[in-house]
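Student: Give me coordinates for this.
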Amino acid sequence: MTKLKLLTIAVIGLLVMNLGIIAFLFLRKPPLPPDGGASFGKEGPKKKIIELLHFDSKQVKHYEELIQQHQASIKSLRDEIQETKSVLYSALKEENSARKDSLTNQLGALQVKIERVHYNHFMEIKKLCKPEQLEYFNTLTGELADFFGAEREGRRH
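Tutor: Model prediction:
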């Protein structure tokens, strides 16, 4: 193989890699902002939900109570997940497959509980809505997965 052919192959390879990197940068999701992923601002999704659903002051007060209950439930479950992960990773020393399976199953069950808490939270919000607000709630449901997506795991609602 001549030097010219080798140089041509190298240039083409570098060009393909550069195009791949450029495509990756433009097609991937944008990185989370420095505020922990709160693309909704300091208030998080709270303010956006209040605005989208056109809550009155009484509804806002009840909604804030729901948020406190939701946060407490999620914090408790996340703390339990953290403890279970600590036990799981400390079990690496033992190489006990049965214990590992039990702990990973427990982690899965805890994640299911978190999803149920999120779902029930929004069912409670729906109950807060007046009949004329239900249309706004239905529009909101298309955005709910973004509120609790994996990239926001560390963020609190």
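Student: distance of Ala23 from Gln59?
Tutor: For Ala23, the distance to Gln59 (C-beta to C-beta, to the nearest Å) stands at 45 Å. (Each C-beta comes from the backbone N, C-alpha and C, glycine too.)
Student: Counting neighbours, go ahead and name the busier of these two.
Tutor: Between Ala23 and Gln59, counted using other C-beta atoms under 10 Å, the more crowded position is Gln59 (17 against 10).
Student: mind checking which helix or strand the more buried one is in?
Tutor: Here Gln59, judged by DSSP states H and E, is contained in helix 57-90.
Student: average pLDDT for that helix?
Tutor: Taken as a whole, helix 57-90 has a mean pLDDT of 93.
Student: Check the offset of that helix from the chain's centre.
Tutor: Distance of helix 57-90 from its chain centroid, counting by C-alpha atoms, centre = their mean, to the nearest Å, is 14 Å.
Student: list the helices and strands that helix packs on?
Tutor: Under the contact criterion of 3 or more C-beta pairs under 8 Å, 6 or more residues apart in numbering; DSSP states H and E, the helices and strands touching helix 57-90 comprise helix 45-53, helix 97-128.
Student: Show the pLDDT at the nearest residue to Thr139 once chain neighbours are set aside.
Tutor: Using C-beta to C-beta, 6 or more residues apart in numbering and skipping the chain neighbours, the partner closest in space to Thr139 is Leu52 (7.1 Å). pLDDT for Leu52: 88.
Student: mean pLDDT for the helices and strands packed on helix 57-90: which is lowest?
Tutor: Of all those, the minimum mean pLDDT falls on helix 45-53 (a mean of 87).
Student: quick one, that one and helix 97-128 angle?
Tutor: Here helix 45-53 runs at an angle of 40 degrees relative to helix 97-128 (axes from the mean of the first three to the mean of the last three C-alpha atoms, to 10 degrees).
Student: so how far is helix 45-53 off the chain centroid?
Tutor: 18 Å.
Student: helices or strands up against it?
Tutor: helix 57-90, helix 97-128, helix 134-140.
Student: list the buried ones in the shortest one?
Tutor: What that stands for is helix 134-140. The neighbour-count check on helix 134-140 (16 or more other C-beta atoms under 10 Å) flags Tyr136, Phe137, Leu140 as buried.
Student: Not counting its own residues, what contacts that helix?
Tutor: Ile49, Leu52, Leu53, His54, Ile125, Lys126, Cys129 (C-beta atoms under 8 Å, 6 or more residues apart in numbering).
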